[in-house]
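**Student:** the following comprises the amino acid sequence and a computationally predicted model.
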Amino acid sequence: MNALEIFSSPATWVIAISSTLYILYRYATSTFNNFSDQGIPGPKPILFFGNMWGLWKENLPAYDVALVKKYGKVFGYFDGTTPNLFITDVDMIKSICVKDFDYFVDRRSFEVKTKVIRKWLSMMKGQEWKDIRSSVTPAFTTGKIKRMSVLIKDCVANLCERVTTFVEKDGKIDAKLTFSAFTMDVIARCAFGLKIDTLGNKDDPFIANAQFVFNPPTNKTPLILLPFMYPKLFSTFGYFTERLIVTEEMKFFFKLLENVLKERSQSNEKFNDFIEAADEAISEYTKVVDGKSVPMWSREIIDEILMGQSTLFMLAGFDTTATTLTSTCFQLARNPDVQEKLYESIVTKMADYDEVCHEMVQNMPYLEMVIQEVLRYYPSLMRIERECTKDYSYDNGRIKIKKGHIITIPTYALHHMEEYYPDPETFDPERWSPENKTKRSPYTYMAFGTGPRNCVGMRFAMEELKIAICTMVQKYRFYPVEETPERLQFDDGLVQLLQPIHAIVGIEFRQSNFN
Ligand code: HEM
């Protein structure tokens with residue numbers, strides 16, 4: 001038999017195809033014993049998809065609650081072939097996020113080569129992440145936040161102008177739309193140095209491009225699963241992958257920032273915004289060379305890091321804050337006692353101030369309790385993730401986690417566990433009184449994450465939330481109308497951010513001196 005005859009023989013083809021299928025099968029199931037071998041429970045994975053089949057049309061909060069109820073505090077899950085350990089055990093959360101952080105410095109991310117995006121703090125890994133995180137953190141000191149609070153106050157004034165028109169028109173607001181316009185206004189002012197003032201005008205290029213960035217067409221299709229299931233494959237096809245993230249709309253924001261930085265390099269004006277604070281902080285970050293402190297990066301790299309953090313500020317700070325404000329006004333409408341108590345605490349505090357400002361919102365325990373309970377009930381980021389960077393063993397080898405495996409803390413499910421928060425479906429800010437708070441482990445609360453990789457923008461977010469909530473509650477009263485749902489509803493899909501829908505709330509003026 002010559003080579004041609006062998007090649008064209010049906011037997012050869014049968015052997016070749018079955019061998020390929022067998023190798024594929026072995027590859028696609030090679031990790032599936034990882035948890036069962038360790039006696040860790042979990043849903044049964046299927047070929048290629050692991051446990052992710054259908055996830056793009058699930059309602060993630062309900063999905064995670066059901067998984068935790070069924071499999072307990074530590075269970076195994078598969079993102080394609082990648083083992084993903086879900087944990088709601090507080091000791092284990094502490095070990096992974098804090099005590100043994102060195103094994104879990106990174107989040108799952110794909111190798112990105114595109115300029116600016118490769119400097120996004122949330123995506124970076126290892127030492128590069130440590131350097132950039134340390135350099136950016138001083139942009140959020142109290143002094144810098146106080147300066148930025150003046151811009152936030154301006155945006156809150158715009159928000160109130162708009163809300164007043166709704167009160168006068170039909171006495172209700174679409175909370176998500178209204179607060180999204182507000183948080184976008186804050187981001188434009190603080191992270192892009194722009195005064196857009198359009199508050200939701202869909203034709204404004206800033207708003208139009210941002211809408212596309214936040215609602216990419218792949219969100220609700222099985223395509224969204226690919227980077228989670230096969231990150232290595234995804235990185236290998238770098239160009240195609242990056243085209244999904246680096247869209248023309250995203251480039252619009254890079255161009256905008258490039259122009260802002262160019263203009264600022266030729267001006268001595270003070271802007272008191274995030275770009276300025278981050279520029280100072282990143283430029284002052286040093287390394288030691290030959291015993292001398294020298295700047296860590298060249299001007300060109302500083303500009304790239306800066307543009308990276310400003311665009312990330314938009315991605316990380318827009319929907320998270322808008323959703324928290326939406327959830328707050330929904331909970332206040334549904335819990336009038338809480339709303340009145342909050343209002344009284346604001347009125348008492350206002351006796352010493354002419355207007356809501358940075359100093360005023362600093363020491364307001366009940367306001368903090370309300371925000372913490374809102375974020376417990378509705379954590380805007382539903383899951384926290386870490387990637388294991390070197391083989392790790394927990395509890396004297398009872399649980400082994402290999403390099404490349406993922407850990408997920410399902411925050412929404414954690415915050416709704418009866419064991420940690422008795423009667424979890426009741427909205428009760430008293431859970432956060434100093435006495436009650438000390439009865440719980442701090443690792444039962446992950447609204448801003450925990451450990452060295454927690455939310456770097458937390459203090460800015462809290463300032464924005466406090467100024468907006470105080471100003472709104474002293475001016476207006478929220479109440480349920482016919483369209484207000486009994487419980488807030490969220491859109492389906494694998495986006496890890498809660499997406500409130502039908503969040504319509506009634507609103508009227510307060511009869512007070514502050515109108
Ligand atoms: C209510 C508003 C916000 C919430 C609930 C929130 C929540 C979170 C959470 C849960 C994480 C993951 C933490 C972890 O893995 O342990 C995170 C990370 C992050 N957040 Fe926020 N965030 C908010 C607002 C902001 C704002 C306004 C900014 C920008 C100034 C921001 C910037 C970031 C960044 C850059 C990271 C990644 C940090 C890193 O990898 O080092 N966030 N946020």
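**Tutor:** That came through, no problem.
**Student:** contacts, neighbours, all on C-alpha from now
**Tutor:** Will do.
**Student:** all strands of the stretch 101-250 of the chain, in order?
**Tutor:** Per DSSP state E, counting those that start in this stretch, the stretch 101-250 of the chain carries strands over the ranges 172-174.
**Student:** show me the shaky parts of it.
**Tutor:** 197-203, 215-221, 234-241, 243-245 (pLDDT under 70).
**Student:** residues in it within reach of the ligand, list them.
**Tutor:** Proximity of the stretch 101-250 of the chain to the ligand, by C-alpha under 6 Å from any ligand atom, involves residues 121-122, 133.
**Student:** need the helix or strand of the protein with the lowest average pLDDT.
**Tutor:** The helix or strand of the chain with the lowest confidence, counting by mean pLDDT, DSSP states H and E, is helix 238-245 at a mean of 67.
**Student:** returning to that earlier point: what is the nearest of the residues of the stretch 101-250 of the chain next to the ligand to the ligand?
**Tutor:** Distances from the ligand to these, taken as C-alpha to the nearest ligand atom, are shortest for Ser122 (3.5 Å).
**Student:** which residue packs closest to that closest one, ignoring adjacent ones?
**Tutor:** Arg107 (7.6 Å; C-alpha to C-alpha, 6 or more residues apart in numbering).
**Student:** surely the one you found is in contact with Glu385?
**Tutor:** Yes - the criterion here is C-alpha atoms under 8 Å, and Arg107 meets it with Glu385 at 5.9 Å.
**Student:** let me see the contact set for Pro336.
**Tutor:** Each residue near Pro336 by C-alpha atoms under 8 Å, 6 or more residues apart in numbering is listed here: Tyr479.
**Student:** phi first, then psi, for it.
**Tutor:** Note on Pro336: backbone dihedrals following degrees, to the nearest 10 are phi -60, psi -30.
**Student:** give me the pLDDT for it.
**Tutor:** pLDDT for Pro336: 98.
**Student:** need the contact list for Glu242.
**Tutor:** Glu242 touches 112, 114, counting by C-alpha under 8 Å, 6+ apart.
**Student:** can you get me a residue count around Val105?
**Tutor:** 23 (other C-alpha atoms under 10 Å).
**Student:** correct me if wrong: it contacts Arg386.
**Tutor:** Yes - applying C-alpha under 8 Å, one finds Val105 in contact with Arg386, separated by 7.1 Å.
**Student:** what helix or strand does the residue in the stretch 251-400 of the chain that the ligand sits nearest to sit in?
**Tutor:** Nearest residue of the stretch 251-400 of the chain to the ligand (C-alpha to the nearest ligand atom) works out as Gly317 at 3.5 Å. Element membership for Gly317, per DSSP states H and E: helix 299-334.
**Student:** buried ones in that helix?
**Tutor:** Neighbour counts over helix 299-334 (16 or more other C-alpha atoms under 10 Å) mark 302-314, 316-334 as buried.
**Student:** can you spell out which helices and strands pack onto that helix?
**Tutor:** For helix 299-334, the packing partners by 3 or more C-alpha pairs under 8 Å, 6 or more residues apart in numbering; DSSP states H and E come out as helix 175-191, helix 248-265, helix 274-283, helix 336-350, helix 365-377, helix 458-475, strand 476-479, strand 504-509.
**Student:** how far off centre is that helix?
**Tutor:** Distance of helix 299-334 from the chain centroid (C-alpha atoms, centre = their mean, to the nearest Å) equals 8 Å.
**Student:** can you pull the pLDDT of Met417?
**Tutor:** 98.
**Student:** Lys115: how many residues sit nearby?
**Tutor:** Neighbours of Lys115 under the rule other C-alpha under 10 Å: 15.
**Student:** Ser134 now?
**Tutor:** 14.
**Student:** that one and Cys329: what is the separation?
**Tutor:** Separation of Ser134 from Cys329 (C-alpha to C-alpha, to the nearest Å) stands at 35 Å.
**Student:** before we move on, what about Ala28?
**Tutor:** 47 Å.
**Student:** check Met446 too.
**Tutor:** Going from Met446 to Cys329 by C-alpha to C-alpha gives 21 Å.
**Student:** now Ser265
**Tutor:** Counting by C-alpha to C-alpha, the gap from Ser265 to Cys329 is 41 Å.
**Student:** give me the pLDDT value at Gly80.
**Tutor:** At Gly80, the model reports a pLDDT of 90.
**Student:** neighbours of it, how many?
**Tutor:** Counted with other C-alpha under 10 Å, Gly80 comes out at 27.
**Student:** contacting residues around it?
**Tutor:** 28, 47-52, 228-230.
**Student:** contacting residues around Thr320?
**Tutor:** Neighbouring residues of Thr320 by C-alpha under 8 Å, 6+ apart: 380-381, 497.
**Student:** oh, I was asking about Pro41
**Tutor:** For Pro41, the contact set (C-alpha under 8 Å, 6+ apart) comprises 35, 71, 74-76.
**Student:** find me the pLDDT at Cys470, would you?
**Tutor:** Looking at Cys470, its pLDDT is 97.
**Student:** state the distance from it to the ligand.
**Tutor:** Separation of Cys470 from the ligand (C-alpha to the nearest ligand atom, to the nearest Å) stands at 15 Å.
**Student:** surely that residue touches Glu355?
**Tutor:** No - here Cys470 does not reach Glu355: they are 10.0 Å apart, not a contact under C-alpha under 8 Å.
**Student:** give me the more crowded residue out of those two.
**Tutor:** More crowded of Cys470 and Glu355, by other C-alpha under 10 Å: Cys470, with 22 against 13.
**Student:** quick one: that one from Ala322, how far?
**Tutor:** According to C-alpha to C-alpha, Cys470 and Ala322 sit 15 Å apart.
**Student:** same deal with Asp89?
**Tutor:** 30 Å.
**Student:** list the buried ones in stretch 90-99?
**Tutor:** Residues 90, 92-98 are the ones in stretch 90-99 that count as buried (16+ other C-alpha under 10 Å).
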